[in-house]
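>>> This is the structure alone, sequence omitted:
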């Protein structure tokens, strides 16, 4: 149950984020979720999109450094304690979160947590054992 | 030091000096031909024998020596004496991974101390002075070279080396330093730190500053002189020839440094044709050491651009002067007194898996200190969705640059194809320093 995510290297200069989103828009690619991680000198844009292969290709063609990785999408009720519950499982099983971000789906009832763990397979097992709902890439995009 | 004897040598009529030079040159060429195979092979290939050197004008028959020769014979291949007779080695950075190594016999150390002492006395330094030696001690020739010269002169040396600026100022004030030996940028740094600490440089006993090992302009000289309230003079030297003490400005002129010609024979050659040029014309500075034992060098191409001034100096010395170095014929950079070749940076980058050979070096001067940024394009191989992976990469490159070059660089990751590709030779260096 992994979801494909693309990551794009961002130099710290104005307009780069706009350039990327413009390329995606031109190619009719919809962004489902995103996060930007940044340091003083550079940033990494992480995206979950509906057309992964196409997004990777068009960004590369436009001169960006693009990577593809997998992440885990966990669906939780959009209410207080939703994230805390997941993190409790994560902590109990000794998993390390490399990074995470979240979004709320259209209906507003559920929240989706996107995780990257140091040990992905172990994380999937442990989250499933705890009875949490993991989403596929298709599910994430159709929400 | 016998000042009478020094004065006699430094004011010899040119004919007298030239006859000493010729005698020394002939003996050097015979010795080197006999003892060092690489020199012999190059002379044989050029069809010149030691006996062909009948006048100083015959010098041009001898082949040049370059940094490549030093690298090819790394580390001790060009030494003329057994290692038993070598009492010290120094090294400076080479164009690639390997440093340039030079060696000294006991006699060389003494000769070096004597030329450095003469250089100091050209700036009016005497045995009564308290010399604050802030040149780095170590493989770099600056610290120890200046130190031995100061002792030879009979002055008191404070071997403080570089760094720890606060302590430098305290010692300078408490010990009553009268002479400052430092790179010009460090001298300015000291001046600013003093002003910040509320110390008026006028309250110190500093009288003269002797600054070299990196390029500096007349503007910088004025700034050093104004801020520290001293006379600031220029000194020239390079490890391949001996270290500091090859040439020195006297107090009577601010145009050119007297070359200690009884030991170091200068030439200026056309940087393209390598034909010797007459006095007064600009070109590449070439040196032949006349009296060194362990590591003499014949016609060493310094890649420094300068001009020789033959007009007599007001100080009475007949030694020819070289103008302040105006540039380089290669791409060597001097960052905080350390020689840096772009090829060394490339060497480090090529050793890191996945890093592409597209890089650029940006040099800036912030305050008085040079900074070096290395821009590296992020390829797909090294890219990661995790910050820590990219930060580890930049740290690794920084550590390796520091290890190899001895200079702290800041590595900046940039997007692919943002470093301008050029048609011919890539522009590797952007030097924004206004010297």
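Okay, I see it. Bear in mind the structure is a predicted one, so any value in this text is a computation, not a measurement. Numbering: from 1, shown residues only, chains lettered A, B, ... in the order given.
>>> okay, and the helix or strand of chain A with the least pLDDT?
helix A:137-142 (a mean of 84; mean pLDDT, DSSP states H and E).
>>> got the contact list for that one?
With C-beta atoms under 8 Å, 6 or more residues apart in numbering or on different chains as the test, helix A:137-142 has contacts from A:2-4, A:30, A:32-33, A:48-50, A:52, A:73, A:112. (C-beta placed from N, C-alpha, C; glycine too.)
>>> which of the residues in it are buried?
Residues of helix A:137-142 classed as buried by neighbour count (16 or more other C-beta atoms under 10 Å in any protein chain shown): A:137, A:140-141.
>>> Of these, just say which sits nearest to residue B:267.
Of all those, residue A:137 has the smallest distance to residue B:267: 72.3 Å, by C-beta to C-beta.
>>> how close does that closest one get to residue A:68?
Per C-beta to C-beta, to the nearest Å, residue A:137 is found 12 Å from residue A:68.
>>> count of neighbours near residue 24?
Unless you meant another one, I'm taking chain A. By the criterion of other C-beta atoms under 10 Å in any protein chain shown, residue A:24 has 20 neighbours.
>>> if you could check chain B rather than the one you did, that'd help
Other residues lying near residue B:24 total 17 when counted by other C-beta under 10 Å.
>>> Can you name the residues of the stretch 301-435 of chain B that neighbour chain A?
For the stretch 301-435 of chain B, the contact set with chain A under C-beta under 8 Å from any C-beta of the partner chain comprises B:378-380, B:383-388, B:390-391, B:394, B:412-418.
>>> coming back round to it: which of the buried residues of helix A:137-142 lies closest to chain B?
Within the buried residues of helix A:137-142, the smallest distance to chain B is 15.6 Å, found for residue A:137 (C-beta to the nearest C-beta).
>>> partner residues bridging the residue of chain A at minimum distance from chain B?
The nearest approach of chain A to chain B comes at residue A:7, 3.5 Å away (C-beta to the nearest C-beta). Beta-bridge pairing of residue A:7 under DSSP bridges involves residue A:46, residue A:67.
>>> show me the contacts for residue B:393.
B:352, B:355, B:382, B:413.
>>> how about the nearest residue to the third one, chain neighbours excluded?
Right, residue B:382. Closest residue to residue B:382 apart from its sequence neighbours, by C-beta to C-beta, 6 or more residues apart in numbering or on different chains: residue B:354 at 4.2 Å.
>>> related to what we said a few turns ago, could you tell me how many residues sit around the residue of chain A closest to chain B?
When neighbours are counted by other C-beta under 10 Å, residue A:7 comes out with 22.
>>> Now do the same for it: its pLDDT.
pLDDT, residue A:7: 96.
>>> Ok, residue A:59 next?
pLDDT, residue A:59: 95.
>>> Would you confirm that it belongs to a helix?
Yes - the assignment for residue A:59, made by DSSP: H, G, I helix; E, B strand; the rest coil, places it in a helix.
>>> how many other residues sit next to it?
The number of residues packed near residue A:59 is 22, by other C-beta under 10 Å.
>>> Quick check: residues of chain A near chain B?
Counting by C-beta under 8 Å from any C-beta, chain A sits next to chain B at A:5, A:7, A:9-11, A:16, A:37, A:39, A:41-42, A:44, A:46, A:63-67, A:69, A:98-99, A:116.
>>> try 10 Å this time
By the rule C-beta under 10 Å from any C-beta of the partner chain, the part of chain A lying against chain B is A:5-13, A:16, A:37-39, A:41-46, A:60, A:63-71, A:98-99, A:116, A:118.
>>> quick one, domains of the chain?
Picked chain A for this. Domain assignment for chain A, taken from automatic domain parsing, gives A:3-68, A:70-142.
>>> Please refer instead to chain B.
When chain B is parsed with automatic domain parsing, its domains come out as B:71-330, B:335-431.
>>> The longest one: how far from the chain's middle?
So that's domain B:71-330. 7 Å (C-alpha atoms, centre = their mean, to the nearest Å).
>>> end to end, how far does that domain reach?
Length of domain B:71-330, first residue to last, C-alpha to C-alpha, to the nearest Å: 16 Å.
>>> Could I get the average pLDDT for that domain?
Mean predicted confidence for domain B:71-330 is 94.
>>> Which positions within the helix or strand encompassing residue A:102 qualify as buried?
Assigned by DSSP states H and E, residue A:102 belongs to strand A:97-104. Of all the residues in strand A:97-104, those buried under the rule 16+ other C-beta under 10 Å are A:98-103.
>>> Show me which pair in these is furthest apart.
Spatial extent of the buried residues of strand A:97-104 (C-beta to C-beta) is set by the pair A:98 and A:103 at 18.3 Å.
>>> quick one: secondary structure of the residue of the stretch 251-400 of chain B found nearest chain A?
Here the stretch 251-400 of chain B gets closest to chain A at one residue, residue B:385, 3.5 Å apart by C-beta to the nearest C-beta. Of the three states, residue B:385 takes coil under three-state DSSP.
>>> how about the nearest residue to it, chain neighbours excluded?
Residue B:385 sits nearest to residue A:7 (C-beta to C-beta, 6+ apart), 3.5 Å away.
>>> can you map out the strands along chain A?
A:3-11, A:31-38, A:42-49, A:66-77, A:97-104, A:110-117, A:133-135 (DSSP state E).
>>> Output the ones you listed in a markdown table; the columns should cover distance to residue B:360.
A markdown table is the format used below for the strands of chain A (distance: least, C-beta to C-beta, whole Å):
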| stretch | distance to residue B:360 |
| --- | --- |
| strand A:3-11 | 13 |
| strand A:31-38 | 22 |
| strand A:42-49 | 16 |
| strand A:66-77 | 23 |
| strand A:97-104 | 30 |
| strand A:110-117 | 32 |
| strand A:133-135 | 44 |
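>>> closest to residue B:427 out of the ones you listed?
strand A:3-11 (19.0 Å).
>>> Weed out the non-buried ones from the residues of the stretch 301-435 of chain B next to chain A.
The buried subset of these - by 16+ other C-beta under 10 Å - is B:378, B:383-387, B:390, B:394, B:412-416.
>>> okay, those in CSV with pLDDT next?
Listed next are these as CSV, based on pLDDT from 0 to 100:
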residue, pLDDT
B:378, 90
B:383, 93
B:384, 93
B:385, 93
B:386, 92
B:387, 92
B:390, 93
B:394, 94
B:412, 93
B:413, 93
B:414, 91
B:415, 89
B:416, 84
